[in-house]
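**Q** 3D, please:
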Amino acid sequence: MNSDNDHIKWFRASSHYINAHRGRTFVIHLPGQSILEENFTNVLNDIALLYSLNVKLVLVHGAEPQIRENLIRKGHEWPQQSERHITTPEILEDVLATIGLTGTHIEAGLSTGHTPMRSLDILVTSGNFVKARPLGIVDGVDFYHTGVTRRINHDAIQTQLENDAIVIISQLGHSPSGETFILDSQELARDVACSLEAEKLVYFTPDNGIRDQNGEIINELQENRQGQVAFNPDQTPLVKLTTSACLKGVNRCHVISYLQDGALLEELFTRDGSGTQVIRESYDQLRSATPDDVAGIIDLITPLEKEGLLVKRSRELLESEVDHFMIIERDGMIVACAALYPFGSRGELACLATHQDYRNDNYGELLLQAIETNAREQGLTVLFVLTTQTSHWFLERGYSEQPIDELPKQRKLLYNLQRNSKVLLKPLS
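**A** This next block holds a predicted model:
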């Protein structure tokens, strides 16, 4: 029963994302290795689920391990120089055949009648959407039929998306002269997403996201703060791809694992996701509250009022005093709030609250700093707070316990003797 309740709560919480994703364009990169994994069936099922929710989908796939295996079987190799493959005329036909078979495998997986989405009539399409040019000769090395993107026919792709088709794009492109070039699939996914100004670009990798130098997953990486984060050097190419995508118009990039069942759904339909999100600006927004935020503030503080940690506030009171509040909003949900009430040259910090799921994320610290800054801007010289159970937290941040007589006269008249709150005070330099 508890498990069922968890599913119900998750489904309700996902409604915000279901509405936000509807009609949006997602570009998903499927590396060749992911297609060989047992979990790939689940990945395709989750992609089909996105399709059922009216998400516009473009799948860009690679086939590197399949190509290498096929070439080795025929006594050939796919040489590399500076992390790029050299595609000679002798192996081009085999490379193209393998890429074609891999794309067909994906198309067949989305068309099978044995998936949880079997009642869906999924339209899958592909075409010559990519114009390419040769990489040419680099440092004296001729890369032959290895190329880079010249242009994406975004109008043609958009037409297919508007016809409710899932578009599959393989890692190849053609030149105006009729030559065919093999492209890096990760770079191609970036180029397609930028051309379409996609809402999201999703990279499936063998890891659960981008890791820092200590091996910890980075939940969120801001494009404009990339230089401040020490990440695993092996992931530098992927970091550069995702940040460049954000600079060129993609709203958000996601790096998740193709080995983890449900990673795509967890990343897209929960607030904390399953991997790394790369964005232009943090989706944790600290701002002044508006009347539209009253309901969210009530949802946040009601559990704390029931525990006696906060004084009960009616909706009417909150609506009249909402201008005193600052909030932190995380992907549409208010996860922290605090209020500042001036009394002459002194100000009261009140109703500082953080959602129970985010009490280890320093939101209280951020709000405290914001309130203190706001108080200084208003010319206040002292900040005080009344608390029953969190005095130690404020003491650690420069507040000191004071007698009730230190309260401004107006506030002292409102003091609730039954709560017996401690008065903590901090001069503002």
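
**Q** Flag the shaky bits of the chain, pLDDT-wise.
**A** Within the chain, the ranges that satisfy pLDDT under 70 run 1-4, 113-119, 223-230, 281-283.

**Q** Tell me which residue is most central in it.
**A** Residue closest to the average C-alpha location in the chain (C-alpha atoms, centre = their mean): residue 277, at 3.4 Å.

**Q** how far is the helix or strand containing it from where the chain is centred?
**A** Element membership of residue 277 [criterion: DSSP states H and E] is strand 276-279. Its chain's C-alpha centre and that of strand 276-279 lie 5 Å apart, by C-alpha atoms, centre = their mean, to the nearest Å.

**Q** The helix or strand just after it: partners in the sheet, and parallel or antiparallel?
**A** Per DSSP H and E, strand 276-279 leads on to strand 284-288 as the next helix or strand towards the C-terminus. Sheet pairing for strand 284-288, assigned by DSSP bridges, gives strand 325-330 (antiparallel).

**Q** From the chain's centroid, how far away is the very next helix or strand once past the strand it pairs with?
**A** Where DSSP H and E defines the elements, the next helix or strand beyond strand 325-330 is strand 333-343. Computed by C-alpha atoms, centre = their mean, the chain-centroid distance of strand 333-343 equals 26 Å.

**Q** partners of strand 333-343 in the sheet?
**A** Within its sheet, and counting by DSSP bridges, strand 333-343 is paired with strand 325-330 (antiparallel), strand 346-354 (antiparallel).

**Q** Highest mean neighbour count out of those?
**A** Burial of the strands paired with strand 333-343 is given as mean neighbour count (mean count of other C-beta atoms under 10 Å); strand 346-354 ranks first at a mean of 23. For the C-beta atoms, the positions are set from N, CA and C on the backbone; glycine is no exception.

**Q** May I see the strands paired with strand 333-343 organised as JSON lines, with distance to residue 82 added?
**A** JSON lines is the format used below for the strands paired with strand 333-343 (distance: least, C-beta to C-beta, whole Å):
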{"stretch": "strand 325-330", "distance to residue 82": "41"}
{"stretch": "strand 346-354", "distance to residue 82": "48"}
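
**Q** now the strands: where do they sit in the stretch 301-429 of the chain?
**A** Taking DSSP state E, counting those that start in this stretch as the test, the strands found in the stretch 301-429 of the chain are 325-330, 333-343, 346-354, 382-387, 400-402, 422-427.

**Q** what sits opposite the closest residue to residue 182 other than its chain neighbours in the beta ladder?
**A** Excluding its sequence neighbours, the residue lying closest to residue 182 (C-beta to C-beta, 6 or more residues apart in numbering) is residue 87, at 4.7 Å. When bridges are called by DSSP bridges, residue 87 pairs up with residue 144.

**Q** about what we covered before: what are the contacting residues of the strand holding residue 277?
**A** For strand 276-279, the surrounding residues in contact (C-beta atoms under 8 Å, 6 or more residues apart in numbering) are 209-210, 217-223, 239, 242-243, 245-246, 251-256, 267, 283.

**Q** Which among those residues count as buried?
**A** Neighbour-count burial (16 or more other C-beta atoms under 10 Å) applied to those gives 209-210, 218, 220-223, 239, 242-243, 245-246, 251-256, 267.

**Q** From residue 420, how far out is the closest residue to residue 308 other than its chain neighbours?
**A** Nearest residue to residue 308 in three dimensions, chain neighbours excluded: residue 388, at 7.1 Å (C-beta to C-beta, 6+ apart). Look at residue 388 and residue 420: by C-beta to C-beta, to the nearest Å, they are 7 Å apart.

**Q** Which residue of the two possesses the greater neighbour count?
**A** Each of residue 388 and residue 420 has its neighbours counted (other C-beta atoms under 10 Å); residue 388 has more, 14 against 10.

**Q** list the contacts for that one?
**A** 308-309, 419-422.

**Q** a markdown table please, covering these and showing distance to residue 59.
**A** Output for the contacts of residue 388, formatted as a markdown table (distance: C-beta to C-beta, whole Å):
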| residue | distance to residue 59 |
| --- | --- |
| 308 | 53 |
| 309 | 49 |
| 419 | 59 |
| 420 | 62 |
| 421 | 58 |
| 422 | 59 |
